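Trainee: What follows is a predicted structure for the sequence shown.
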Amino acid sequence: MKGTRALITAQNLEWAYHSARAMTGFATSVIACGCEAGIERELSPEETPDGRPGVSVLFFAMGGKALAKQVETRAGQCVLTSPTSALFAGIEEGKPVPLGKNLRFFGDGFQISKKIGGKRYWRVPVMDGEFLTEEFTYQVGAVGGGNFLILAESQPQALAACEAAVAAMKQVPNVIMPFPGGVVRSGSKVGSKYKALNASTNDAFCPTLKGVTKSQLSPEIESVMEIVIDGLTEEDNRRAMRAGIEAACALGRKTVFVGSAPATTAVNW
């Protein structure tokens, strides 16, 4: 895949998150969303170009043109519109990906640019003051679709293991888990009996289909969930996958509370 990073800053962390969540919304899978995107981590004021709190976001697509289109469209609809926000490059080398290059035209001729340290920034007048954006970020080769499955004796147990795995993986830089909460319950296989679909439910791992398909599940397994990882390098994916698997396995057969009732978590591999 191709990947890039952008940095969003705002008056405070809450507003940086509002913008980041909007910009990375509806971006779970290239199958239907055009890109895969997510929040990488929080940024302290010492880590951002304008000295304000911020959030770094990662984007992945199957090609450079698709990536550039998704980033620019989302920047215009979700960062330009967000109060107090600014947008900066998160990768400094590679093929340019427009941030403010075209968004500047929203200024209707009132926009101005500044070149600082060899980088061009655009100041676009908006109703709360100015939208400041760097002209470009940059794309690099990336790796998407790393994944592993968690098999459990119940749905709450599977989810508990996934939550532990995702929490550990979020500590690894340069990766995102693009699905809701980092977890996908509708794992897919390539192809379908319906010609219009290029992917369909992974019936071999659907517990309710054990008796009617060639199941890969043993009798005690009643819930399966998947974690998908996108990373800027293969090694980033490996580190994240290792951290997630270790965290899930570390649950062992601990007792976890589901509502008010205890349940034993079993992680099977």
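Mentor: Nice, I can see it.

Trainee: just checking, what packs against whatever helix or strand E235 lives in?
Mentor: Following DSSP states H and E, one finds E235 within helix 234-250. In terms of contacts (3 or more CB pairs under 8 Å, 6 or more residues apart in numbering; DSSP states H and E), helix 234-250 is packed against strand 143-152, helix 155-169, strand 175-176, strand 223-231. For glycine as for every other residue, the C-beta is placed from the backbone atoms N, C-alpha and C.

Trainee: How far does the last one sit from its chain's centre?
Mentor: In terms of CA atoms, centre = their mean, to the nearest Å, the centre of strand 223-231 is found 12 Å from the chain centre.

Trainee: which helices and strands sit right next to it?
Mentor: In terms of contacts (3+ CB pairs under 8 Å, 6+ apart), strand 223-231 is packed against strand 143-152, helix 155-169, strand 175-176, helix 234-250.

Trainee: Let's see that with 10 Å instead.
Mentor: The elements that strand 223-231 packs onto, with contact taken as 3 or more CB pairs under 10 Å, 6 or more residues apart in numbering; DSSP states H and E, are strand 36-43, strand 54-61, strand 143-152, helix 155-169, strand 175-176, helix 234-250.

Trainee: quick one, that strand and strand 36-43 angle?
Mentor: The directions of strand 223-231 and strand 36-43 differ by 70 degrees, with axes from the mean of the first three to the mean of the last three CA atoms, to 10 degrees as the criterion.

Trainee: And the second one, by the same measure?
Mentor: Computed with the same axes, to 10 degrees, the direction of helix 155-169 lies at 60 degrees from that of strand 36-43.

Trainee: Just the C-alphas of helix 155-169, formatted as CSV.
Mentor: Included here for helix 155-169 are C-alpha records, laid out as CSV according to Å, rounded to 0.1, in the frame of the first residue of the first chain:
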residue,chain,number,x,y,z
GLN,A,155,-18.5,-13.2,22.7
PRO,A,156,-17.6,-11.3,25.9
GLN,A,157,-14.4,-13.3,26.2
ALA,A,158,-13.4,-12.7,22.7
LEU,A,159,-14.0,-9.0,23.1
ALA,A,160,-12.0,-8.8,26.3
ALA,A,161,-9.0,-10.4,24.6
CYS,A,162,-9.3,-8.0,21.7
GLU,A,163,-9.5,-5.0,24.0
ALA,A,164,-6.3,-6.1,25.7
ALA,A,165,-4.6,-6.6,22.4
VAL,A,166,-5.6,-3.3,20.9
ALA,A,167,-4.5,-1.4,24.0
ALA,A,168,-1.0,-2.9,23.7
MET,A,169,-0.8,-2.3,20.0
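
Trainee: Buried ones in it, by neighbour count?
Mentor: By 16 or more other CB atoms under 10 Å, the buried positions in helix 155-169 come out as 155-166, 168-169.

Trainee: Distance from the chain centre to the helix holding E235, please.
Mentor: Computed by CA atoms, centre = their mean, the separation of helix 234-250 from the middle of its chain amounts to 16 Å.

Trainee: Outside of that helix itself, list whatever touches it.
Mentor: The list of residues contacting helix 234-250 from outside it, by CB atoms under 10 Å, 6 or more residues apart in numbering, reads 3, 141-148, 150, 152, 158, 160-177, 182, 227, 229-231, 233, 265, 267-269.

Trainee: repeat that for 7 Å
Mentor: Applying CB atoms under 7 Å, 6 or more residues apart in numbering, the set of residues contacting helix 234-250 from outside is 143, 146, 148, 150, 161, 164-169, 171-172, 174-175, 227, 229, 231, 267.

Trainee: Okay then, goodbye and thanks.
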